[in-house]
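Student: Need coordinates for the following:
(one chain, ligands or ions: 3)
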Amino acid sequence: MRQYNASKKVLVTGGAGFLGSHLCDRLIAQGHDVLCVDNFFTGTKRNIEHLLGHPRFELMRHDVTFPLYVEVDEIFNLACPASPIHYQHDPVQTTKTSVHGAINMLGLAKRVRAKILQASTSEVYGDPEIHPQVEAYWGRVNPIGLRSCYDEGKRCAETLFFDYHRQHKLRIKVVRIFNTYGPRMHMNDGRVVSNFIVQALKGEDITIYGDGQQTRSFCYVDDLVEAMLRMMATGDEVPGPINIGNPGEFSMLELANKVIELTGSRSQLMRMPLPADDPKQRRPDISLAQQELDGWAPKTQLEEGLKKTIAYFDKALSESTSD
Ligand code: NAD
Ligand code: UDP
Ligand code: UDP
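Tutor: Residues are numbered from 1 along each chain as shown. Ligands and ions are numbered 1, 2, ... in the order given. All right, here's what the predicted structure looks like:
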């Protein structure tokens, strides 16, 4: 395993978001110079305020759909809204962010010969016919539905990454991220973990979409960031795509009951309609990640990760009511 310790100039797009801010923390802790680029569509300065003023941290407000001329050694391309509410708010901008953003970051990587990692997603598998999902599966995605701006945008970004790799010999890394949760998720972004925790803490009804039997696999943010760093440190023979996530699989009913138990809440379950194109099941096959990322496997069990996330939201809620 190559060590990720020599100091580098690292660009993180979407660095003020949930995953990006944790990644910036780790990169700074490892001694790198970090340039965080974000247009603050879903990210916030609050996520990185503890890094502002750090001599090796720089923040730039910029939209990746426009060209960016900077000098860096490595690029983590995370810019893109990730929750359905946000990415469906302005779907054309979502596709532009994935596609034009990828072109610009790949053009930048080509000019400065930087290594570049794409934060792709399990959504490229759509509503999958095979379970668990392996990287060789091509997916089942509706090209014209409400989720398509995100799914197809990310699929096109993967295409661009592999074409720049073949055509321009770019050093690329593509990771397909499965549902990830943890502190600094947005409180109101509609994702299931944040929704359930906030509802439970407020004593509101917990909204179960459909019959609640649909499944997801939830990875704690620290495990995910570790995998991204290990992926960036792999040799040029490992472009991906590689699934990263936690293979523990839970139905939404199981998740709701777990959150109620851990918060001690008296919230009741409330049924709501299932959104269109909502995948019925999802679980990563992480054999490839274990093989290529030096035996990486998620360490944080759902209960432990939920406790940390509940503590974060509890504090955030009490701060927002005292504002
Ligand atoms: P997030 O919404 O918290 O972060 C995305 C960041 O990108 C935000 O800070 C936002 O302001 C920024 N951004 C959006 N459009 C931009 C643009 N045009 N120019 C510059 N910045 C822009 O979401 P996240 O959960 O941290 O996701 C980060 C990345 O990981 C995304 O690319 C997402 O698709 C991917 N991903 C996340 C998950 C997950 O479960 N969290 C799962 C699969 C993939
Ligand atoms: N680009 C960028 N920063 C750079 C170099 C390129 O943002 O440092 C953008 C530029 O706007 C271009 C895109 O990346 O449109 C793709 O670059 P590439 O060199 O692949 O293509 P071309 O410039 O020939 O269109
Ligand atoms: N979901 C739910 N209640 C909520 C929010 C989401 O039952 O309040 C369900 C949603 O229908 C989906 C799953 O939880 O089946 C995960 O949703 P999320 O938006 O977090 O992620 P994605 O669908 O993108 O995997």
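Student: which regions of the chain lie under the pLDDT threshold?
Tutor: By pLDDT under 70, the low-scoring segments of the chain are 1-5, 322-323.
Student: what are the ranges of the strands in it?
Tutor: With DSSP state E as the criterion, the chain has strands at 9-13, 33-38, 57-61, 74-77, 115-121, 172-177, 180-181, 206-209, 215-217, 219-220, 242-244, 249-251, 269-272.
Student: got a list of what the residue of the chain most remote from its centre touches?
Tutor: Distance from the C-alpha centroid of the chain, by C-alpha atoms, centre = their mean, peaks at residue 266 (30.8 Å). Neighbouring residues of residue 266 by C-beta atoms under 8 Å, 6 or more residues apart in numbering: residue 203. (Glycine included, C-beta is placed from N, CA and C.)
Student: residues from the stretch 51-200 of the chain in reach of ligand 3?
Tutor: 84, 179, 190-192, 195 (C-beta under 6 Å from any ligand atom).
Student: hmm, which of those are the buried ones?
Tutor: The neighbour count (16 or more other C-beta atoms under 10 Å) marks 84, 179, 191-192, 195 as buried among those.
Student: so which of these are also by ligand 1?
Tutor: Among those, proximity to ligand 1 is found for residue 179 (C-beta under 6 Å from any ligand atom).
Student: ok, the buried ones among the residues of the stretch 51-200 of the chain next to ligand 3 vs ligand 2, which is closest?
Tutor: Distance to ligand 2, by C-beta to the nearest ligand atom, is smallest for residue 84 among those, at 28.5 Å.
Student: Against residue 150, how distant is that closest one?
Tutor: Per C-beta to C-beta, to the nearest Å, residue 84 is found 8 Å from residue 150.
Student: Give me every residue in the protein that's in contact range of ligand 1.
Tutor: Contact residues, the chain versus ligand 1 (C-beta under 6 Å from any ligand atom): 13-14, 16-20, 38-43, 63-65, 78-82, 97, 101, 119, 121, 177, 179-180.
Student: What's the PyMOL line that selects buried ones from the residues you listed?
Tutor: Buried residues within the residues of the chain next to ligand 1, by 16+ other C-beta under 10 Å, are selected in PyMOL with:
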select buried, resi 13+14+16+17+18+19+20+38+39+41+42+43+63+64+65+78+79+80+81+82+97+101+119+121+177+179+180
